[in-house]
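In: return atomic coordinates for the entry below.
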Amino acid sequence: MAESERKFVWVETVYFQKWWEQATDQQQRDFRFLLTQTKQIEFVLGGWVMEDEALSTYSADINQLTHGHQFLLQLFGKDYKPRIGWQIDPFGAMSTTAMFYKLAGFDYHVLARIDYNKKMELASSKQLEFFWEFSPQHYPNQTIFTHILDDSYCTPLPFDYEYGFVLCFCYLLFEFIFH
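Out: Got it, this is the predicted structure:
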């Protein structure tokens, strides 16, 4: 807790529950302090997992998000409900997911994987942040502020303590060669 300027976000509740159940009482107290007092920890998405858009059903998405949020609600109360829909690993993004996140109470939506050419187009025109309008015809004036990560989700080099640099370098090299 000596590094007060550092922040940490937790995404998938299933992994948090596994950690929480084996954590000591002191570790749980420290976590609560970092969450509630210093605000150095924040839950984003808060679903049981980060859903996959390719094969999941709406009911599965709703159930897993509800399960994760209920766990956090019971543990920490309503003040610590996630406000950010975090969707950095599924391939592509659908407007229905953005609408689902808005209806679930999220204020923001963060993406990473979209079509490479589209990402370059948006980046060059400085449009990686925008208000995603779901369906003007069916849901007029319904939007969610959306941000697309500009550089995948690699570990920043000063904080790469293991092998992230190698993986990110390979990813960037692949992107350069094949796109």
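
In: the helices in this structure, which residues?
Out: 13-22, 25-36, 58-76, 95-103, 116-124, 164-178 (DSSP state H).

In: okay, those helices, which one's buried deepest?
Out: Most buried of the helices of the chain, by mean neighbour count (mean count of other Cβ atoms under 10 Å): helix 95-103, with a mean of 19. Just so you know, the C-beta spots here come from the backbone N, C-alpha and C atoms, and that holds for glycine as well.

In: what residues does that helix touch?
Out: Residues from elsewhere that reach helix 95-103 (Cβ atoms under 8 Å, 6 or more residues apart in numbering): 51, 53, 58, 61-62, 85, 87, 109, 132, 134-135, 139, 142-144, 146.

In: so how far is Arg29 from the residue nearest the centre of the chain?
Out: Centroid-nearest residue in the chain, with Cα atoms, centre = their mean: Trp86, separated by 2.1 Å. Distance of Trp86 to Arg29, given as Cβ to Cβ, to the nearest Å: 26 Å.

In: can you give me the end-to-end distance of stretch 93-110?
Out: Terminal residues of stretch 93-110 lie 10 Å apart, using Cα to Cα, to the nearest Å.
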